[in-house]
Each structure stands twice: as structure tokens, then as C-alpha cells.
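[1] need a structure here:
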Amino acid sequence: MSLCSRSPATNPGYKRVLASLNMLNILPSELCAAQEVVRRVFLDLGGLLPPPDETRAFLADTDPGKRDGLIDNLLDVSRISSGRLR
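    From the prediction side, this is the model:
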């Protein structure tokens, strides 16, 4: 299970971020749109834009855990190290 799939109440990473935001009186951001998620995750983790076919597949996926699945897939070291993000 990805850390992202846990609710903020049980995720230690989220708890720290939310505590810091609270101390600074900053409200957390809303979830971004699926199209923005796929683009940002690919750029952040691989430095490349997502291929159109993977973007379409992600947008068509109805699984509520698709964001976690995308992140977990891209964090697969063999995929990143072999340059297969394209």
C-alpha cells in the first residue's frame, strides 16, 4: 500500500505536513484534476511528460486508487533507471 492511499488521519507524512501547515495558518490545497496529476507525477518523478497513451489510460481509469497506482508504478526503480518512462 502506498503512503498516499492512507487517509491523512493515519498517514505519518500527511500528519507532519498538516501540522506544519496548521502552524503557519495555511489551508491545504484541494486535490488537483486527474490530468494535472498524471502530468505532475511524470515530471516530478521522471523529468518527462507522460506519453499520450498513458495519459488517456489514466484518465479513463475509474479505480479510486489510480493516483497511488500511478505513483507506485513510476517509483518502480527498474522503470526509472532504464528510462522506460517514455
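
[2] so which residues of this structure form helices?
    For the chain, applying DSSP state H gives helices covering 12-23, 34-46, 52-60, 66-74, 77-81.

[3] most tightly packed of these?
    When the helices of the chain are scored by mean count of other CB atoms under 10 Å, the highest mean neighbour count falls to helix 66-74 (a mean of 17). Yep, even glycine has a C-beta here, placed from its N, CA and C like the rest.

[4] so where is this protein shaky, pLDDT-wise?
    Along the chain, the parts satisfying pLDDT under 70 run over 1-12, 77-86.

[5] and if we set it to 90?
    1-19, 21, 27-32, 44-48, 64-65, 67-86 (pLDDT under 90).

[6] now L75, nearest residue through space, not along the chain?
    Of all residues not flanking L75 in the chain, L45 sits nearest, at 6.6 Å (CB to CB, 6 or more residues apart in numbering).

[7] same thing with F58?
    Closest to F58 by CB to CB, 6+ apart is V38, at 4.6 Å.

[8] ditto for L49
    Spatial nearest neighbour of L49, excluding adjacent residues (CB to CB, 6+ apart): F42 at 6.1 Å.

[9] quick one, what contacts the nearest residue to L70 once chain neighbours are set aside?
    Residue nearest to L70 in three dimensions, not counting chain neighbours: V41, with 5.6 Å by CB to CB, 6+ apart. Applying CB atoms under 8 Å, 6 or more residues apart in numbering to V41 gives the contacts 50, 67, 70-71, 74.

[10] how about CSV for those residues, with distance to F58 added?
    Below are these laid out as CSV (distance: CB to CB, whole Å):
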residue, distance to F58
P50, 8
R67, 9
L70, 6
I71, 11
L74, 11
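
[11] out of those, which is nearest to P28?
    In terms of CB to CB, no member of these lies closer to P28 than R67, at 15.7 Å.

[12] surely that closest one touches V37?
    Yes - counting by CB atoms under 8 Å, R67 touches V37, with 5.7 Å between them.

[13] residues contacting the residue nearest to L49?
    Contacts of F42 (CB under 8 Å, 6+ apart): 48-50, 54, 74, 85.

[14] now do 7 Å
    Contacts for F42 (CB atoms under 7 Å, 6 or more residues apart in numbering) come out as 48-50, 74, 85.
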